[in-house]
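Enquirer: Predicted model and sequence below, questions to follow.
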Amino acid sequence: MEALKAIMGRRSIRKYTGEKIPEGDIKNLLEAAMNAPSAHNKQPWHFIVVDDRAVLDKVPEYHGYSKMLGQASHAIVVLGDNAVQDTDFWIHDCAAAIENILIAAHAMGYGAVWLGVHPSEALIKGTKDLFGVPGHVTPLGIVSLGVTTVEKPPRENYNEERVHWNKW
């Protein structure tokens, strides 16, 4: 799929068949994530790939917007390592990695949605507790992935009123 078509056509998809995504495709998504831009090329990201149904079913116990994980093939938890990137730029780096996963998943024909974790202290704690995340690592978000049951048309989000040239 052409890059602009993948970007413009990407939508949040929360309905899945339950069919497993092949491991090779998950690796491709992780490669896309790790090719995101990174401040000073620090690459502070870590990824927890989750395909264990029992674990996926525990996330909604603390994250109220994660019910779709009940039908998801996988989730990818995206985390920033504060020992690698000691400034808040890890947030930008990990957000770019998540966006790359979302666009790549769409281009590959899968459905995906970004579940925010940071900056909610309760969601950070729930994620750290469930996945055994060390103290110096902070989860930014969880990407729910699956073989989609829906096809959404692209949206037209361009808004000329939000564009300023040379000054406000």
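Expert: Thanks, I have the structure now.

Enquirer: what about the strands in the protein?
Expert: Along the chain, the stretches classed as strands by DSSP state E are 45-50, 74-81, 111-116, 137-146.

Enquirer: Next one: Tyr158, what pLDDT does it get?
Expert: Model confidence at Tyr158, given as pLDDT, is 96.

Enquirer: Just list the residues touching it, thanks.
Expert: Shown in contact with Tyr158 (Cβ atoms under 8 Å, 6 or more residues apart in numbering): no residues. C-betas here are computed from N, CA, C, even on glycine.

Enquirer: where's Ile13 relative to Leu30, distance?
Expert: Ile13 is 19 Å from Leu30, where distance means Cβ to Cβ, to the nearest Å.

Enquirer: circling back to that earlier point, mind putting the strands of the chain in JSON lines, distance to Met1 and mean neighbour count included?
Expert: Shown next, in JSON lines, are the strands of the chain (distance: least, Cβ to Cβ, whole Å; neighbours: other Cβ atoms under 10 Å):
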{"stretch": "strand 45-50", "distance to Met1": "23", "mean neighbour count": "19"}
{"stretch": "strand 74-81", "distance to Met1": "20", "mean neighbour count": "23"}
{"stretch": "strand 111-116", "distance to Met1": "14", "mean neighbour count": "22"}
{"stretch": "strand 137-146", "distance to Met1": "17", "mean neighbour count": "25"}
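
Enquirer: doesn't Gly111 make contact with Leu102?
Expert: No. Distance between Leu102 and Gly111: 9.9 Å, which falls outside the contact criterion (Cβ atoms under 8 Å).

Enquirer: what's the burial count for Gly24?
Expert: 7 (other Cβ atoms under 10 Å).

Enquirer: Kindly report the same for Ala96.
Expert: Residues near Ala96, counting by other Cβ under 10 Å, number 17.

Enquirer: Then Gly126?
Expert: By the criterion of other Cβ under 10 Å, Gly126 has 19 neighbours.

Enquirer: Let me see the contact set for it.
Expert: If a contact means Cβ under 8 Å, 6+ apart, then Gly126 has Val59, Glu61, Tyr62, His63 as its contacts.
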